[in-house]
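**Student:** Below are the sequence and a predicted model; questions follow.
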Amino acid sequence: MANATYQLTITCTHFQQFVENTLCFIGDTADGTQTYQEGQDLIDAFTGGPETEWRACLPPTVRIDRYSTRCLLPSGPSLGAHKQVVNSALVGTSGTAAQSENLCPVMNLIPPMGIKSQGRVYMPCIAKEDINDNVYTGGYITAMNALFDELIAGISNSSIVWKLAIYSKKNGTSARAISHSLSAAIGFQGRRRRPI
């Protein structure tokens with residue numbers, strides 16, 4: 001079955017604190033039977049293209065440490081590939097420092113009609129220069145739109161075209177994201193808590 005869904009995990013540090021982002025992609029000719037090769041192709045497609053736009057949305061206090069993939073559908077979670085970044089050479093390129101590590105811009109992913117769950121991508125943080133009185137600057141909005149326009153249109157390293165997807169763990173389904181919208185409200189990510 002083609003159109004396998006893969007998860008790309010981007011592991012970073014921000015002021016020596018662990019940060020992890022996950023993006024899901026549907027590969028048009030990926031079938032989930034060769035998880036290492038297809039996962040490596042997804043990593044290569046991301047690092048060869050939108051990685052530059054990803055870094056343009058982050059301050060230099062964020063360092064990319066590792067990329068890893070796993071196949072989510074059709075066969076269920078199975079390991080893919082990983083790529084370690086040596087000496088934390090990849091850092092964000094926007095501004096000088098982050099406003100706060102818990103204030104996270106949120107990009108809403110819009111699904112096709114008939115799909116009940118939308119997706120969200122919480123960026124790790126935002127540079128002080130990219131926000132003014134809780135309003136994103138024009139340059140930041142342009143950078144985020146460029147990144148997500150490219151991810152939705154599709155990225156490729158070989159014959160597989162990877163398009164940004166919305167994955168529902170609860171329903172065990174995925175759908176291509178057809179559009180995106182930068183949330184006007186800044187998300188606040190705290191630690192997960194259990195009620196007492």
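**Tutor:** That came in fine, so what should we check first?
**Student:** Which secondary structure state is assigned to residue 38?
**Tutor:** Classification of residue 38 using DSSP: H, G, I helix; E, B strand; the rest coil returns helix.
**Student:** Helices of the protein, residue ranges please.
**Tutor:** Secondary structure of the chain (DSSP state H): helices located at 35-47, 51-56, 138-153.
**Student:** In JSON lines: these, plus mean pLDDT, mean neighbour count and distance to residue 128.
**Tutor:** The way it works is simple: take the backbone N, C-alpha and C, and place the C-beta from them, glycine included. Converted to JSON lines, the helices of the chain look like this (pLDDT from 0 to 100; neighbours: other CB atoms under 10 Å; distance: least, CB to CB, whole Å):
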{"stretch": "helix 35-47", "mean pLDDT": "93", "mean neighbour count": "20", "distance to residue 128": "27"}
{"stretch": "helix 51-56", "mean pLDDT": "93", "mean neighbour count": "19", "distance to residue 128": "16"}
{"stretch": "helix 138-153", "mean pLDDT": "95", "mean neighbour count": "17", "distance to residue 128": "11"}
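**Student:** Including distance to residue 121, could those go into a markdown table?
**Tutor:** Shown next, in a markdown table, are these (distance: least, CB to CB, whole Å):
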| stretch | distance to residue 121 |
| --- | --- |
| helix 35-47 | 14 |
| helix 51-56 | 11 |
| helix 138-153 | 8 |
